[in-house]
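Following is a predicted model, sequence given first.
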Amino acid sequence: MAGSAATAQVRRDGDALVFSGALLRAGVTALWKQVGAPAGVRRLDLRAVERLDSAGLALLAELAARAGGEVAIDGEPAGLAELRAAYRLTPGLAFAAA
C-alpha cells in the first residue's frame, strides 16, 4: 500500500489536472506542492487513479473550490462515490446545499 501512495502523481494538461496512482494520505502532501495555484483548471482527470481515501478527496475538493467551484470529473476511482456521498459533495466536488 505504501508503494502505491508513493507513486501518486499529478500533471497539468491544458485545463485539466491529471492524477495517477493512489490518492492516499501518505502521498497527498507531496501533490499539494506540485499543484500550486490551479488557475484555469476546469477538469480533474482521475481515470488513472487506482483508489483514494478521505485525504485524497479533501485534496480534490479543495482544488475544485480553488478553481472556482464545480469542475468536471473524468473517471471514478475506487472509493470516490462512497466518500463523495459521505461528505455530501456534488459530482463536481462542491458541497451540496442543505
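Yep, that arrived.

low-confidence ranges in this protein?
1-6, 97-98 (pLDDT under 70).

Pick out the residue nearest the middle of it.
Most central in the chain under CA atoms, centre = their mean is L60, positioned 3.0 Å from the mean C-alpha point.

Work out the gap between the top strand by length along the chain and the centre of the chain.
Using DSSP state E, we find that the single longest strand of the chain is strand 43-52. Relative to its parent chain, strand 43-52 has a centroid offset of 7 Å by CA atoms, centre = their mean, to the nearest Å.

which residues does A8 contact?
19-24, 27-28, 30-31, 56 (CB atoms under 8 Å, 6 or more residues apart in numbering). Heads up, the C-betas are built off the backbone N, CA and C, glycines and all.

repeat that with 10 Å
19-24, 26-31, 34, 49-50, 52, 56, 59 (CB atoms under 10 Å, 6 or more residues apart in numbering).

From those residues, list just the buried residues.
19-24, 26-28, 31, 49-50, 52, 56, 59 (16 or more other CB atoms under 10 Å).
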